[in-house]
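Student: Build me a model from this:
(chains A and B)
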Amino acid sequence: KAGVTQTPRYLIKTRGQQVTLSCSPISGHRSVSWYQQTPGQGLQFLFEYFSETQRNKGNFPGRFSGRQFSNSRSEMNVSTLELGDSALYLCASSRSPGGGQETQYFGPGTRLLVL
Amino acid sequence: DQQVKQNSPSLSVQEGRISILNCDYTNSMFDYFLWYKKYPAEGPTFLISISSIKDKNEDGRFTVFLNKSAKHLSLHIVPSQPGDSAVYFCAASAVGTGNQFYFGTGTSLTVIP
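Tutor: Model prediction:
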């Protein structure tokens, strides 16, 4: 069974630009969550999608948005990039939003550098 | 506001000895706690979890202990092996919040052969 895939793996953008990251969950998984990882901050929850609906949203500005398609693939978008958005963006999938009772599987992440 | 804290950024242990990784939390609504292991250039991998109704969960060399009154959990690895060298994250979720997990900042474990 293929794991969670994220594209692209690396990205360099400049301040003010916008970026779209993609996540393909494990086949059969319908819940997709996004996290931002920065040094010293650990992983911070961005949002979770299930059946094309956003279920939860973390404490991030409106420049961060996402969506999920009918095949469970998900995209996240960051508009008007700032230097502080440089981070590793991780996507995780699970069969359902079951909290700790559902194992989440993480992708390798997309490393975003904003110059 | 960091609701899950790992106060030790790094830990070094001799091969064969016990590794103890600690985690503290502040939110009494957390009902599930997990440990993830992360190697460089890879995403975190689920290791072990514990529900708030338990105080211990064991899986092979890995045991997680939960002390609800102290809002503290720990991961014990016995015996430690060089392949265990990685960054370990603890995470917690609250009742009714689906897969919204709060992660600590990680502890980098080095097991010395």
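
Student: Which elements pack onto the helix-or-strand element of chain B with minimal mean pLDDT?
Tutor: One helix or strand of chain B scores below all others by mean pLDDT, DSSP states H and E: strand B:101-103, with a mean of 92. Here strand B:101-103 touches strand A:42-50, strand B:30-38, strand B:86-94, going by 3 or more C-beta pairs under 8 Å, 6 or more residues apart in numbering or on different chains; DSSP states H and E. Heads up, the C-betas are built off the backbone N, CA and C, glycines and all.

Student: residues touching the spatially most central residue of chain A, list them.
Tutor: Note on chain A: the residue nearest the mean C-alpha position is A:W34, at 3.0 Å, using C-alpha atoms, centre = their mean. Residues near A:W34 by C-beta atoms under 8 Å, 6 or more residues apart in numbering or on different chains: A:C23, A:F45, A:L46, A:F47, A:E48, A:G66, A:S74, A:M76, A:Y89, A:L90, A:C91, A:A92.

Student: what do you get if the cut-off is 6 Å, keeping everything else the same?
Tutor: Going by C-beta atoms under 6 Å, 6 or more residues apart in numbering or on different chains, A:W34 touches A:L46, A:F47, A:M76, A:C91.

Student: which neighbours does the helix or strand the last one falls within have in its sheet, and in what orientation?
Tutor: In this case it means A:C91. Using DSSP states H and E, A:C91 falls within strand A:87-94. Within its sheet, strand A:87-94 is paired with strand A:31-38 (antiparallel), strand A:105-106 (antiparallel), strand A:110-114 (antiparallel), according to DSSP bridges.

Student: what's the spacing between the residue lying closest to A:F106 once chain neighbours are set aside and B:V4?
Tutor: Distance criterion C-beta to C-beta, 6 or more residues apart in numbering or on different chains; nearest residue to A:F106, sequence neighbours excluded, is B:G43 at 3.1 Å. Relative to B:V4, B:G43 is positioned 18 Å away (C-beta to C-beta, to the nearest Å).

Student: In the sheet, which residues pair with the closest residue to chain A within chain B? Tell me.
Tutor: When scored by C-beta to the nearest C-beta, chain B has B:Y32 as its residue closest to chain A, at 2.3 Å. As for beta bridges, B:Y32 partners with B:S51, B:S93 under DSSP bridges.
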